[in-house]
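Enquirer: Sequence plus the predicted model coming up.
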Amino acid sequence: MLTWWVGLIWLQSPLWEASVSSSTRISLLPDGNVIVFDKRPYALSAAKGEKLWECSSCGRFPSSEWRPIGDALLWEAGRLITADPSLSVDSVRKLYPFWSMQGYLVLNAITGKVIFDALAKGESWAWVSGRAVLPNQGLLVVFGVGAKDPSKFLSLQTSIIAAYDLRTGEQRWRRPAGEKPGSEQLQSNLAAYDGKVYFLTNRALYAIDATSGNTLWRTEIVKGISLRAMTGTYIFIEEEKEWVVAFGRGRVTAVRRSDGQPVWQKPVDVPRDNILHAFSTPKGILLFTDDLQPGSAERATGRNLFFPPIAVLLSYENGANLWGERLKLPGLLSGYIPLDENRLLCLFQRERTWTASRPADEWAVEVDVLDIQRGDFMFKRPISLKGALLNAQTVPGGFLVQTVRRLQYLSEDGQVLWEKPIKRPFQLPFAVREDGGVFQAFLIDETGQVFRWDGPGTEARPIGDRLSAFQADPPQGIIYDAGKVWIWGGSTIYALTPEGKVICEFQRPVPAQPAALRILGATISAAGYLTSAYLTYKMLQTVSYDPERPWDRPDASTSLKKSLEAAAYGLGAVGAALVADAAWAALVKARHARMKEAENMVFLLGMEGNTVTLYAYDKQKCTLAFQKGLGPLSIFQNPQYEVDPIDRRLYTIEKNKLRVYSLAAE
């Protein structure tokens, strides 16, 4: 079924335009140019639309296949296969019949160079299982199954690991993963840390130098032949102790990172042999398990998980479980907030995936606080949340937890001290003020009424008049910034004092249902651009683990001590000289310097008579910075909009045309 959207007919002429297909996707690059995913990926200059490069060998992937790695300087397409390396190539090809035609490819979006192509001449990969990016060394490290000697027509198939230059795609080195090719296979993710790469085979734990590929040390884990299948593995760095920790074959092994000398090894009975997340705590290593094996294609249906997950706390001294027994969990760990070094606010999901037929307000999520020292939960029973989770944060005396259905204030022992139901499912989290010893939380409901909560002993109360404009234009953002509460929708923005008095406002009629804009590659509303966004340790950190992508698990355990000491994690500049060149890095640095000019801008779409208009509202000055008339409404299929607020350009894809318009003030 085709989906039709309200669109625009433009009054002004575009700066330039280019013909594209109906399935084209675009994304802005850090230098302000644009990458286009069409029949083949290519890049266009933002100023004139000149083609900078085109990837002629990338045409075997549809535009929907491309996905960014990290900060979008690298893009990948194709499938990474987490099959057992001991399986025959024919068996794996039957399971993944299209891999031999598509393979796996990594593209440098700045230079247009193919960094890695599994199907390229001379590569000789049976399949590729995972990858790690080492930006400081300028390397992409890939592992999978291939020929021991690619130069020979007949060569033993074995686990292979190889490194490629991030700028040129040149292969730096290639080697069998283990010292006994054929019998020793790579069975884990890659943990890249401090210029070294760590991995686990079915026999030993390895550390290799990322630059040369040489083995730094090898620590044998299994003597002789183990009959137990290698169903799940996980390698991570324990920063507090300078260890490498490996889980596999039902054992947890800790070795010194410097030389691989064993510290201890303990059997740990883990359902499905799969670790989901690891934490460093003052007492030991805290492990949360998954309910599916890595690489599993299984998907749970209904509300139940296949195997109830557990948690264990392993002693730094000898690896023993300090709790004595495994702690059963209400569900999969999906988010957390460190309260202190011994308490962890945990959010658990009771379902593996949210199915399309299940509305968001029926998601099953539970909240509890884990007392790490005791190995038990602090609430009498987990708090069940109604609706999809939006936000959670520590506040004086407890926690604020918000879903699309309600906002709840929970005490530290799990009592619901007050709650604010929301009648209509709502997608806007609360905003918090913490300055000068003052704590306040602000929330707007679906009717446009703003509420303020002043901390323990109080309840959320309405402040100011109802902002009726938000009934037709649902609010899409709320923050506290420089003494003002800012609330905006697609065509409306207000600034209020903490008492609810309106001190700035701008509103225009809503142009039916304007499509969402993309700001610097992130899909958000037209109004939702804020470069000053920060995520502090007091807010919810999510745990996202796809069993089909085990290589994306963190390279290091989460240190509770470092999490609590961290002030904030900001949107940093790109240190990209190793991915492109020094001239390009200087260009990006200058562009980031101009970001200050745009960080106070909020972009809105509204109507001026019969003309749809794009507005830029300056929050700092409380005034409209500029506006551009875009044209009357029209109807067309599947539009895309992307705004570059730094260089003030608007990109549109409609009717098989990519058009670029200037948003600069005339």
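Expert: Ah, there it is.

Enquirer: For this protein, which segments count as helices?
Expert: With helices called from DSSP state H, the chain shows them at 89-95, 99-102, 469-472, 560-565, 582-593, 595-598.

Enquirer: Now do stretch 457-471: everything it contacts.
Expert: 407, 418, 420, 441, 443-444, 447-453, 487, 489, 492, 494, 496, 498-502, 507 (C-beta atoms under 8 Å, 6 or more residues apart in numbering). Backbone N, C-alpha and C define where each C-beta goes, glycine included.

Enquirer: So which bits of it are buried?
Expert: Of all the residues in stretch 457-471, those buried under the rule 16 or more other C-beta atoms under 10 Å are 460, 463-464, 467, 469-470.

Enquirer: Can I get those in TSV including pLDDT and distance to Leu333?
Expert: TSV is the format used below for the buried residues of stretch 457-471 (pLDDT from 0 to 100; distance: C-beta to C-beta, whole Å):
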residue	pLDDT	distance to Leu333
Ala460	86	29
Ile463	95	36
Gly464	95	39
Leu467	92	38
Ala469	88	40
Phe470	85	35
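
Enquirer: that older thread, buried ones from the contacts of stretch 457-471, can you make that a PyMOL selection?
Expert: In PyMOL, this line selects whichever of the contacts of stretch 457-471 come out buried by 16+ other C-beta under 10 Å:
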select buried, resi 407+420+441+443+444+448+449+450+451+452+453+487+489+492+494+496+498+500+507
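
Enquirer: number of nearby residues for Met607?
Expert: Residues contacting Met607 under the criterion other C-beta atoms under 10 Å number 17.

Enquirer: correction: Ala126
Expert: 23.

Enquirer: Please, where are all the strands along the stretch 51-200 of the chain?
Expert: 51-54, 67-69, 74-78, 104-108, 114-117, 125-134, 139-147, 157-165, 171-176, 191-193, 196-200 (DSSP state E, counting those that start in this stretch).

Enquirer: mind checking which of those is nearest Phe626?
Expert: strand 51-54 (28.7 Å; C-beta to C-beta).

Enquirer: Which strands and helices lie in contact with that closest one?
Expert: If you count contacts as 3 or more C-beta pairs under 8 Å, 6 or more residues apart in numbering; DSSP states H and E, strand 51-54 packs onto strand 41-44.

Enquirer: roughly how far is stretch 334-342 from the heart of the chain?
Expert: 19 Å (C-alpha atoms, centre = their mean, to the nearest Å).

Enquirer: how about that stretch: buried residues?
Expert: 334-339, 341.

Enquirer: Same list (those residues) but as CSV, adding distance to Gly248.
Expert: Below are those laid out as CSV (distance: C-beta to C-beta, whole Å):
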residue, distance to Gly248
Ser334, 25
Gly335, 27
Tyr336, 25
Ile337, 30
Pro338, 28
Leu339, 32
Glu341, 28
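
Enquirer: Let's have those residues in JSON lines, adding pLDDT.
Expert: Formatted as JSON lines, these follow (pLDDT from 0 to 100):
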{"residue": "Ser334", "pLDDT": "81"}
{"residue": "Gly335", "pLDDT": "82"}
{"residue": "Tyr336", "pLDDT": "85"}
{"residue": "Ile337", "pLDDT": "80"}
{"residue": "Pro338", "pLDDT": "85"}
{"residue": "Leu339", "pLDDT": "82"}
{"residue": "Glu341", "pLDDT": "88"}
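
Enquirer: Near Lys380, how many other residues are there?
Expert: 10.

Enquirer: Provide a list of residues in contact with it.
Expert: Contacts of Lys380 (C-beta under 8 Å, 6+ apart): 413-414.

Enquirer: ok, now Ala616?
Expert: Ala616 neighbours (C-beta under 8 Å, 6+ apart): 601-604, 624-627, 645, 648, 663.

Enquirer: May I have the predicted confidence score for Leu119?
Expert: Confidence at Leu119, expressed as pLDDT, is 92.

Enquirer: Tell me how many other residues surround the residue nearest to it when sequence neighbours are not counted.
Expert: Closest residue to Leu119 in three dimensions, ignoring its sequence neighbours and counting by C-beta to C-beta, 6 or more residues apart in numbering: Gly103, at 3.9 Å. When neighbours are defined as other C-beta under 10 Å, Gly103 has 21 of them.

Enquirer: For Pro262, see how far away Gly103 is.
Expert: 38 Å (C-beta to C-beta, to the nearest Å).

Enquirer: swap in Val92?
Expert: In terms of C-beta to C-beta, Val92 sits 34 Å off from Pro262.

Enquirer: Tell me which of these two has more neighbours.
Expert: Shown here are Val92 and Pro262; by other C-beta under 10 Å, Val92 has more neighbours (19 against 13).

Enquirer: quick one, what contacts Ser45?
Expert: Contacts of Ser45 (C-beta under 8 Å, 6+ apart): 33, 52.

Enquirer: With the one 10 residues further on instead?
Expert: By C-beta under 8 Å, 6+ apart, the residues touching Cys55 are 40-42, 107, 112, 114.

Enquirer: hmm, 10 Å instead?
Expert: 35, 37, 40-43, 61, 75, 105, 107-109, 112-114 (C-beta atoms under 10 Å, 6 or more residues apart in numbering).

Enquirer: what do you get for Tyr96?
Expert: Tyr96 neighbours (C-beta under 10 Å, 6+ apart): 79, 81, 83, 102, 127.

Enquirer: List the beta-bridge partners for Gly559.
Expert: Careful, residue 559 is Ser; it's not Gly. With DSSP bridges applied, Ser559 shows beta-bridge pairing to Ser280.

Enquirer: Please work out how many residues are found near it.
Expert: Quick note: Ser559 (other C-beta under 10 Å) scores 18 neighbours.

Enquirer: is it true that it touches Phe236?
Expert: No. Using C-beta atoms under 10 Å as the test, Ser559 is too far from Phe236 to be in contact (11.5 Å).

Enquirer: where do the contact lists of those two overlap?
Expert: If you check Ser559 and Phe236 against C-beta under 10 Å, 6+ apart, the residues they both contact are Ser280.

Enquirer: Would you agree Cys58 is in contact with Ile115?
Expert: No. Counting by C-beta under 10 Å, Cys58 does not reach Ile115; the two are 11.7 Å apart.

Enquirer: Spit out the residues that contact the two alike.
Expert: Joint contacts of Cys58 and Ile115 (C-beta under 10 Å, 6+ apart) are 75, 105, 107.

Enquirer: Make TSV out of those and add distance to Ser384.
Expert: Shown next, in TSV, are these (distance: C-beta to C-beta, whole Å):
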residue	distance to Ser384
Trp75	40
Leu105	44
Leu107	45
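
Enquirer: Please tell me which one of the residues you listed counts the most neighbours.
Expert: Going by other C-beta under 10 Å, Leu107 tops the shared contacts of Cys58 and Ile115 with 27 neighbours.

Enquirer: where's that residue relative to Leu74, distance?
Expert: For Leu107, the distance to Leu74 - C-beta to C-beta - is 7 Å.

Enquirer: joint contacts of these two?
Expert: Residues touching both Leu107 and Leu74 by C-beta under 10 Å, 6+ apart: 115-116.

Enquirer: now the end-to-end length of stretch 202-212.
Expert: 23 Å (C-alpha to C-alpha, to the nearest Å).

Enquirer: starting at the chain centroid, how far to that stretch?
Expert: 27 Å.

Enquirer: any chance you could map the strands in the stretch 201-350 of the chain?
Expert: Counting by DSSP E, counting those that start in this stretch, the strands of the stretch 201-350 of the chain are 204-209, 215-220, 234-238, 243-248, 251-256, 262-267, 275-280, 284-289, 310-315, 327-328, 332-340, 343-349.

Enquirer: What residues of the second one count as buried?
Expert: Residues of strand 215-220 classed as buried under the neighbour-count rule (16+ other C-beta under 10 Å) are 216-219.

Enquirer: biggest separation within the residues you listed, which pair?
Expert: Farthest pair in the buried residues of strand 215-220, by C-beta to C-beta: Leu216 and Thr219, 10.8 Å.

Enquirer: what residues are shared contacts of those two?
Expert: Counting by C-beta under 10 Å, 6+ apart, the contacts common to Leu216 and Thr219 are 206-207, 259-260.
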